[in-house]
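Chemist: Here is my input; please provide its structure:
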Amino acid sequence: MPVPDIKNDPNSETRVMIVPEESLKDASTKNAKIVKLRHPKTDKDASFLLNPNNQQLCEVFTFEEEHRSWFIGSKVVSDGRIFLATPVNPVFLALPYLAKAKKLVPLDQMLEDSEFPLVEEVLLAALGDKLEAVADRKGDRDLNVWKYNEEKTLGWMMGKVKCLGSMLEKKGIDVTGGASSNIYRHTASTAASSVEYQRYGLGIVQEYLDQELGEKLEAMLGLPKEEKIKPESGKGKEEKIKPESGKGNKRMSIDQGETPWGSLGDPWKAYDTSVKAVDWNMEVIPPKNRAGTEELYPLMVKLSQADESEEQQKLVESILGCASISGICAGLSAVGLGCSMNNYKNILQYATEVTKSLPDGTFFFLTKGDKKFDADFTIGSDRYGLLDKVALLFSDAYIGQLEAYYSNISHQTGNSSFQSQTIDAVKEVLINVGSILGNLAGGARINPAEVATAITSGLIALTGVRERNQEQKIKNTLLVVEPNPEDPTRIVKCGMIKYSFKFMLKETYWGKKKFECSYNIDQQSVVFGNPDILNHLYDTIINP
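Modeler: Residues are numbered from 1 along each chain as shown. Here you go, the predicted model:
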């Protein structure tokens, strides 16, 4: 691609900056901007590149030598520096504010900084729910109040150090003394030990910690004292990378995303997708209808392939069951939606439209004992306790460390509202909620018929209520599995999902009576493609 000719403009300056492609996704040169924020290690100003479209944040460093210029098109740029933008996890920038907070206040008040007024705006947008790894939420979610938890913080950072060390070792990156002039390099045979890789990973993380917290992390890791390694000879003059704010050397940065590997790739994820499907030594029981007379799994698979509307309705009726469809009618009538549209035939048609509007998927809920929903698979046998390991890794106690080691985790939220004089608003809410609920980590999806059984359960629960304005809250943590299509009693992948769903329905009057239907949903999931990875993560995080 030819370099465009840059004309001299007395009001502009030209600089050369290397930026990860993901960090400028959906951004233009006009709205991406450099901002000054407080650095968590030095407590002084540092430069960061902000992409306001996706809230990606990168720290900016400079690489410089004497007597260097750039030729860009027909223009000579006398400033020969290279600016490097490396993604940074905003949690590190928020840590000092959390740790110094003397009382519980909303996050926006905690982040107020008179010296750096952009801190509040930038971090509020970039953090999302990432603070769960280092803090405890206090009170209702809407209050957005957090309390610093040092134990969780150290555990989260230990996970980052260990996986950084493992990644560096797996990649064969030279972290010995001779690497100082190469920034980092690949080598066929490295003399560094696993301890040196861990220590190098510790140094990377400590670049974003104050001295006290960095020392606590080092003490918790319990690494043996560093052995001095004599640098290789004949290296010549060393070129240094330095942060824009003038801090010490830094050769690598913690990334913005869900894992600490950044552009170097996620070794566990790569391994997960490269290994062929193996036997999980687990047996699951495909679902039957309530009467136990019909297998539901073949019907749910067939539904995604059915084209004719009449055939689709028959399949949905068999999967949901006549009692559930009647229950939806009764629930809507109880809150005032007993209009002419609310009859068995129309509700069946609406349920079919909702189900067919959801993306196709191959995962199903898996329950122990009594099923949560009619379409759930149930556990037959799990001889090695793999499902218990999934549940423990995904628990509040360990999910922060799991996120540091493993990338196949996702977190999604959504909310909206719709108004209608009929039940159309309810249908729109169900489609929106189902799309979020069924979307698992790594692009996996739950079967739409299974999703439909979950989201319509809230409508059935309205049966028997006496008030028109209603609010239903549904909260579940469930295992998910992808059965082998050739033998649905065996599984290909497994994982877990937890979600909270608040469904609100109320009457409004704007000339005519209408119904407003709104929702809030928060969903988090993890998917494992191979039991070897699951066991390794369990041994690394829980049973080291």
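
Chemist: CA only for contacts and neighbour counts going forward, please
Modeler: OK.

Chemist: Doesn't V526 belong to a strand?
Modeler: Yes - the secondary structure assignment for V526 places it in a strand, going by DSSP: H, G, I helix; E, B strand; the rest coil.

Chemist: Bridge partners for the residue nearest to G438 when sequence neighbours are not counted, pull those for me.
Modeler: Here the nearest residue to G438 in space, its sequence neighbours aside, is I446; by C-alpha to C-alpha, 6 or more residues apart in numbering that works out to 4.8 Å. Here I446 shows beta-bridge partners F363, assigned using DSSP bridges.

Chemist: my guess is I446 meets D360, correct?
Modeler: Yes - with contacts defined as C-alpha atoms under 8 Å, I446 counts as touching D360 at a distance of 7.4 Å.

Chemist: more crowded one of those two?
Modeler: I446 (24 against 19; other C-alpha atoms under 10 Å).

Chemist: Return the residues in contact with that one.
Modeler: I446 makes contacts with 360-365, 438-440, as judged by C-alpha atoms under 8 Å, 6 or more residues apart in numbering.

Chemist: Widest-spaced pair of those?
Modeler: D360 and F365 (14.8 Å; C-alpha to C-alpha).

Chemist: Look up how far P106 lies from Y398.
Modeler: To P106, Y398 is 25 Å away according to C-alpha to C-alpha, to the nearest Å.

Chemist: So which of these two has more stuff around it?
Modeler: Comparing Y398 with P106 by neighbour count (other C-alpha under 10 Å), the higher total belongs to Y398, at 19 against 15.

Chemist: and the longest helix for this structure?
Modeler: helix 150-171 (DSSP state H).

Chemist: can you list the residues that contact it?
Modeler: Residues beyond helix 150-171 that count as contacts (C-alpha under 8 Å, 6+ apart) turn out to be 133-135, 186, 194, 197-202, 205, 216-217, 220-221, 260-261, 266-267, 400-402, 404-405, 541.

Chemist: Restricted to buried residues, select those in PyMOL.
Modeler: If you want just the buried ones from the contacts of helix 150-171 in PyMOL, going by 16 or more other C-alpha atoms under 10 Å, the selection is:
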select buried, resi 133+134+135+197+198+199+200+201+202+205+217+221+260+261+266+267+400+401+402+404+405+541
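
Chemist: Where strands are concerned, which of the contacts of helix 150-171 count?
Modeler: Using DSSP state E, the subset of the contacts of helix 150-171 located in strands is A135.

Chemist: quick one: which of the contacts of helix 150-171 sit in helices?
Modeler: Among those, the members falling in helices (DSSP H) are 194, 197-202, 205, 216-217, 220-221, 267, 400-402, 404-405, 541.

Chemist: coming back round to it: of the contacts of I446, keep whichever come out buried.
Modeler: In terms of neighbour count (16+ other C-alpha under 10 Å), the buried residues within those are 360-365, 438-440.

Chemist: out of the residues you listed, who's nearest E295?
Modeler: Nearest to E295 among those: F364, at 14.3 Å, using C-alpha to C-alpha.

Chemist: unless I'm mixing things up, the closest one is touching V480, no?
Modeler: Yes - under the criterion of C-alpha under 8 Å, F364 is in contact with V480, at a separation of 5.4 Å.

Chemist: just the contacts of I446 now: which is nearest F61?
Modeler: Within the set of those, L440 lies nearest F61; the separation is 36.2 Å, counting by C-alpha to C-alpha.

Chemist: Leaving out the residues flanking it, which one is nearest to that closest one?
Modeler: With sequence-adjacent residues excluded and distances taken as C-alpha to C-alpha, 6+ apart, L440 is closest to S525, at 5.8 Å.

Chemist: Could you give the number of residues near the one you found?
Modeler: Using other C-alpha under 10 Å as the criterion, S525 is surrounded by 24 other residues.

Chemist: Helices along the stretch 251-400 of the chain, start to end?
Modeler: In order along the chain, the stretch 251-400 of the chain carries the following helices (DSSP state H, counting those that start in this stretch): 267-274, 297-303, 309-320, 322-334, 344-357, 386-393, 399-405.

Chemist: right, and these - which one's nearest N535?
Modeler: Between N535 and the helices of the stretch 251-400 of the chain, the shortest gap by C-alpha to C-alpha is with helix 386-393, which sits at 7.9 Å.

Chemist: which helices and strands sit right next to that closest one?
Modeler: Other elements packing on helix 386-393 under the criterion 3 or more C-alpha pairs under 8 Å, 6 or more residues apart in numbering; DSSP states H and E are strand 487-510, helix 531-541.

Chemist: Could you check how far it is from the centre of its chain?
Modeler: How far helix 386-393 lies from its chain's middle: 19 Å, per C-alpha atoms, centre = their mean, to the nearest Å.

Chemist: Need the residues that contact it.
Modeler: The contact list for helix 386-393, computed with C-alpha under 8 Å, 6+ apart, reads 398-399, 402, 479, 495-496, 531, 534-535, 538, 542.

Chemist: Distance to L50 and pLDDT added to those, as a markdown table?
Modeler: Rendered in a markdown table, the data for the contacts of helix 386-393 read as follows (distance: C-alpha to C-alpha, whole Å; pLDDT from 0 to 100):
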| residue | distance to L50 | pLDDT |
| --- | --- | --- |
| Y398 | 30 | 88 |
| I399 | 28 | 88 |
| L402 | 27 | 87 |
| L479 | 37 | 95 |
| G495 | 34 | 95 |
| M496 | 33 | 96 |
| P531 | 39 | 88 |
| L534 | 35 | 89 |
| N535 | 38 | 86 |
| Y538 | 36 | 88 |
| I542 | 36 | 84 |
